[in-house]
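[1] need a 3D model of the sequence below.
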Amino acid sequence: MTYLPSEIVETKPDINASVIWLHGLGANGHDFVPLIPRLKLPDSAGIRFVFPHAPSIAITINGGAIMPGWYDIYAMNMEREIDTPQIMASSKAIKTLIDREIAQGIPSDRVVLAGFSQGGAVVFEAGLTFDKPLAGIMSLSSYFATHKTIMPHKENKLVPIHIFHGKHDDIVPPIMAEQAIEKLRKLGIKPQYKSYPMAHEIHPQEIDDISAWLQKVLS
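    Numbering: from 1, shown residues only. So this is what the prediction gives:
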């Protein structure tokens, strides 16, 4: 089995949960590693953080430049014209990582998917269509790219979802987070939502809120 190369950080020797966390366009799996100590998780939280590296691909909106990306983006409009086969391939690769965690003894309902920007779009697709119940899905400054085509699996139709977004985000405008909430509600899902006075980034208060939410869904 071939897996995406990943940065892996374990908070203690006795691991009882996993968080698979995807970076955004042009970044890599190292991007969110420094956040782990800032989450100030309790000693009882034995979490394996898996930060996969996206493959390097040509990105149309960036003039065809080659960079780490989960899928190509053709246009930066509100619908985000994207390479659908690529996002589906990325979703499949993330499901493979979930299966690896399960094979290592972590129950599926102790696995959280998290993603920033492009990574968030992938975890919506991967998490909602996964065939075993997950602990939660976390979207950071992202959007619901596959809302028109997704067919959620019954095991994750009630999965806890938390959407975090910046009020001043000029890359993924806040209205795209609001649209994601609307589309999720139409699927029968009631996500939590919180916004912050920030652009396309991570806010200090957001880090505290991420920690609280992770502890809640993995309690």
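
[2] any idea which helix is longest in the protein?
    Scanning the chain for the helix with the most residues, using DSSP state H, yields helix 84-103.

[3] check which residues of that one are buried.
    Across helix 84-103, burial judged by 16 or more other CB atoms under 10 Å covers 86-88, 90-91, 93-95, 97-101. The way it works is simple: take the backbone N, C-alpha and C, and place the C-beta from them, glycine included.

[4] what does stretch 149-157 give?
    Those buried within stretch 149-157 under the rule 16+ other CB under 10 Å are Ile150, Pro152, Glu155, Asn156.

[5] who's in contact with the third one?
    Listed by CB atoms under 8 Å, 6 or more residues apart in numbering, the contact set of Glu155 reads Phe130, Asp131, Lys132, Pro133.

[6] nearest spatial neighbour of it, skipping sequence neighbours?
    Pro133 (4.8 Å; CB to CB, 6 or more residues apart in numbering).

[7] what ranges do the strands span in this structure?
    6-10, 17-22, 47-52, 56-59, 65-68, 73-75, 81-82, 111-116, 136-140, 161-166, 192-196 (DSSP state E).

[8] in TSV: those strands, plus mean neighbour count.
    As requested, the strands of the chain are exported to TSV (neighbours: other CB atoms under 10 Å):
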stretch	mean neighbour count
strand 6-10	15
strand 17-22	27
strand 47-52	23
strand 56-59	16
strand 65-68	14
strand 73-75	15
strand 81-82	16
strand 111-116	27
strand 136-140	26
strand 161-166	24
strand 192-196	16
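
[9] who wins for proximity to Asp209 among those strands?
    With CB to CB as the measure, strand 192-196 is the member of the strands of the chain nearest Asp209 (6.1 Å).

[10] from Ser142, how far off is the closest residue to Gln192 other than its chain neighbours?
    Using CB to CB, 6+ apart and skipping the chain neighbours, the partner closest in space to Gln192 is His162 (4.5 Å). In this view, His162 and Ser142 are 11 Å apart by CB to CB, to the nearest Å.

[11] residue contacts, the residue nearest the centre of the chain?
    The residue lying closest to the centre of the chain (CA atoms, centre = their mean) is Gly115, at 2.2 Å. Gly115 makes contact with Trp21, Leu22, Ala121, Val122, Val123, Phe124, Met138, Ser139, Leu140, Ser142, according to CB under 8 Å, 6+ apart.
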